[in-house]
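Engineer: here is my input; please provide its structure:
(chains A and B)
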Number of protein chains: 2
Amino acid sequence: MSVLVVGSIALDTVKTPLHEHADLLGGSASYAAVAASFFSPVKLVGVVGTDFPAEHLAFLQGRNIDLTGLQHAEGKTFRWSGEYMLDMNTRETRSVDLNVFEHFTPTLPASFAATPFVLLANIAPSLQGHVLDQMSRAQFVIADTMDLWINIARPDLEALLKRVDMLILNDGEARQLTGEHNLISAGHHIRAMGPRYVALKKGEHGCLLFGPDGEFFSCAAFPLENLHDPTGAGDTFAGGLAGYLAAHTTGPITFAQLKHAVVNGSVLASFNVEAFSLERLRTLQKEDIQHRYEAFRLLSQFELSR
Amino acid sequence: MSVLVVGSIALDTVKTPLHEHADLLGGSASYAAVAASFFSPVKLVGVVGTDFPAEHLAFLQGRNIDLTGLQHAEGKTFRWSGEYMLDMNTRETRSVDLNVFEHFTPTLPASFAATPFVLLANIAPSLQGHVLDQMSRAQFVIADTMDLWINIARPDLEALLKRVDMLILNDGEARQLTGEHNLISAGHHIRAMGPRYVALKKGEHGCLLFGPDGEFFSCAAFPLENLHDPTGAGDTFAGGLAGYLAAHTTGPITFAQLKHAVVNGSVLASFNVEAFSLERLRTLQKEDIQHRYEAFRLLSQFELSR
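Structural biologist: Next up, the predicted model:
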């Protein structure tokens, strides 16, 4: 089955302690759509300006991503610039130019309205809700969010949470949204706000998954020593997760399937941070994913007790 | 086989946001010895003062802990007092009275010198080294440490690291010891300083285990919402790990055995924080440990990829 991905498309300038690159393909929807495309067909909804390079469009099309819902607006593409500190964990935004993204309204082509899997990548929760208004038969809706929306659009976010099956957010955002320091309590608290499933990302410490019947899964992080660019890791995780689910779901979604989806999302994200922008995903092969999935399994498994 | 545990024995006063308890049984060796005793016979080396309650001695003896090496000195027992903040993670030491512990020199009874497993619980590295000077046939030596010794006794600690098989420390200590922010790099760095194995504890995020041939294991943390007292969690982990190894080792130690040992240490620690002092360990049963071991397995396992 296919997955609808809605979010931002950007041209990023990223500085790390060792390198600086300008005008890289970025944005939540770019990472998420390409990650999902490793598993299933993708329908993309977003907006670009007249300066958006044709090579990026060709790359997305070459990944089996349906661009019927991509809006081409007069003006410049959304631009973001950020800098990572020495620990590669702390990030400072240097500039944000919304450009054509400022007045973006996600409008779905008629052919997209019945897409069974939906990933609302990180954009304003009111726009995420607007996407759902246009959907007719969504089977499983996943939303990503960020600290900004918890700060400035909490009522919109709370309304959205009642309409989604799964929320993805990181540890800091979970604490901010719930006021709970304990991450287990925060996960339960967010589930009570609406979504049946919550994926709570902890960066280098992996990810926690909470389910409706007390189900709980702790996914390890792949041991990485050389992060080249953490930008888009969360979007790639969300896209890999959604794409895997869309590809492997036949009946009702089970917790076991979601565990596999979380691991596959983690695998994709662990590759993505190995190079700038989406560079690593350009050369990534299906068998690379399978090998690292098995490595994830080995690094966190142990046998029955004696 | 039995395990030798050397460390501090204390009377603790602990304050949390909800409770305060005085004169609790504490100290690194108390927690570690009792945790190890769930799996194997324990020989304890430490010092107490004339004020040390007889009931605590009876409790340790009742746990199959050999107290031949326990020194009874004139004066008061080591006392520590600390307070946990609202997040139950940040701790402030309110007072430390070393008392008889100030001039403690661990002297091994002759019958202890050939104990095959050794846990050097958290005391000064020079004292840990002095214990090894008295050992004749130690098969596997585990050392625990803390930020204090990295600060004030680094040369002693570095000398000790060349003599132990495994070092246990937490994430902050690993960063402090190596200057590496990345925990994977820190783990490899510490291995290069001497110990073949490194267990890097991450509190609520679990534990990483590094082995000599690139082996790596990520142990999840048990999902706990109500920590009553984190005091001694690290000592309990170390004791459970050492006791499990001593009980289950017949030939050379393998990485698979160490994984089991790390999980069992984590299980014991997860119980210990459920109540003040060693209270939870007093009532803990072997089958409780087995049930939680299985829960640990389930919360971190997933199947082969399709």
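
Engineer: for the stretch 151-300 of chain A, just list every one of the helices.
Structural biologist: Counting by DSSP state H, counting those that start in this stretch, the stretch 151-300 of chain A has helices at residues A:154-161, A:171-178, A:183-192, A:233-248, A:255-272, A:279-283, A:286-300.

Engineer: redo those helices as a markdown table? Include mean neighbour count and distance to residue A:50.
Structural biologist: (Each C-beta comes from the backbone N, C-alpha and C, glycine too.) Formatted as a markdown table, the helices of the stretch 151-300 of chain A follow (neighbours: other Cβ atoms under 10 Å in any protein chain shown; distance: least, Cβ to Cβ, whole Å):
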| stretch | mean neighbour count | distance to residue A:50 |
| --- | --- | --- |
| helix A:154-161 | 17 | 30 |
| helix A:171-178 | 19 | 34 |
| helix A:183-192 | 20 | 40 |
| helix A:233-248 | 28 | 24 |
| helix A:255-272 | 24 | 28 |
| helix A:279-283 | 16 | 24 |
| helix A:286-300 | 16 | 35 |
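
Engineer: can you redo these as JSON lines with mean pLDDT and distance to residue B:168?
Structural biologist: As requested, these are arranged in JSON lines below (pLDDT from 0 to 100; distance: least, Cβ to Cβ, whole Å):
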{"stretch": "helix A:154-161", "mean pLDDT": "98", "distance to residue B:168": "41"}
{"stretch": "helix A:171-178", "mean pLDDT": "97", "distance to residue B:168": "25"}
{"stretch": "helix A:183-192", "mean pLDDT": "98", "distance to residue B:168": "23"}
{"stretch": "helix A:233-248", "mean pLDDT": "97", "distance to residue B:168": "30"}
{"stretch": "helix A:255-272", "mean pLDDT": "97", "distance to residue B:168": "27"}
{"stretch": "helix A:279-283", "mean pLDDT": "97", "distance to residue B:168": "35"}
{"stretch": "helix A:286-300", "mean pLDDT": "95", "distance to residue B:168": "19"}
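
Engineer: where does pLDDT dip in the stretch 1-150 of chain A?
Structural biologist: Within the stretch 1-150 of chain A, not a single segment meets pLDDT under 70.

Engineer: where do the helices sit along it?
Structural biologist: Under DSSP H, counting those that start in this stretch, the stretch 1-150 of chain A gives helices at A:28-36, A:54-62, A:125-133, A:147-152.

Engineer: so for chain B, which of those sits nearest?
Structural biologist: helix A:28-36 (16.2 Å; Cβ to the nearest Cβ).

Engineer: tell me what the closest one is packed against?
Structural biologist: Packing partners of helix A:28-36 (3 or more Cβ pairs under 8 Å, 6 or more residues apart in numbering or on different chains; DSSP states H and E): strand A:3-6, strand A:42-48, helix A:54-62, helix A:233-248, helix A:255-272, helix A:279-283.

Engineer: to residue B:18, which of those lies closest?
Structural biologist: helix A:255-272 (33.6 Å; Cβ to Cβ).

Engineer: how about the closest one, does it reach chain B?
Structural biologist: Yes. On the criterion Cβ under 8 Å from any Cβ of the partner chain, helix A:255-272 is in touch with chain B at A:256, A:259-260, A:263-264.

Engineer: now, which of those sits nearest residue A:13?
Structural biologist: Distances from residue A:13 to the residues of helix A:255-272 next to chain B, taken by Cβ to Cβ, are shortest for residue A:264, at 29.8 Å.

Engineer: from what I can see that closest one touches residue A:286, true?
Structural biologist: No. Residue A:264 lies out of contact with residue A:286 (Cβ atoms under 8 Å); the separation is 11.2 Å.

Engineer: how about the contacts made by residue A:124?
Structural biologist: Counting by Cβ atoms under 8 Å, 6 or more residues apart in numbering or on different chains, residue A:124 touches A:149, A:153, A:156.

Engineer: what's around residue A:212, how many residues?
Structural biologist: 11 (other Cβ atoms under 10 Å in any protein chain shown).

Engineer: circling back: which one of the helices of the stretch 151-300 of chain A lies closest to residue A:43?
Structural biologist: Here helix A:233-248 is closest among the helices of the stretch 151-300 of chain A (Cβ to Cβ), at 10.6 Å.

Engineer: residues of the stretch 1-150 of chain A that sit close to chain B?
Structural biologist: Residues of the stretch 1-150 of chain A found near chain B (Cβ under 8 Å from any Cβ) are A:86-89.

Engineer: ok, and the most crowded of those?
Structural biologist: Ranking the residues of the stretch 1-150 of chain A next to chain B using other Cβ under 10 Å puts residue A:88 first, with 20 neighbours.

Engineer: got phi/psi on that residue?
Structural biologist: For residue A:88, the backbone dihedrals (degrees, to the nearest 10) come out as phi 60, psi 20.
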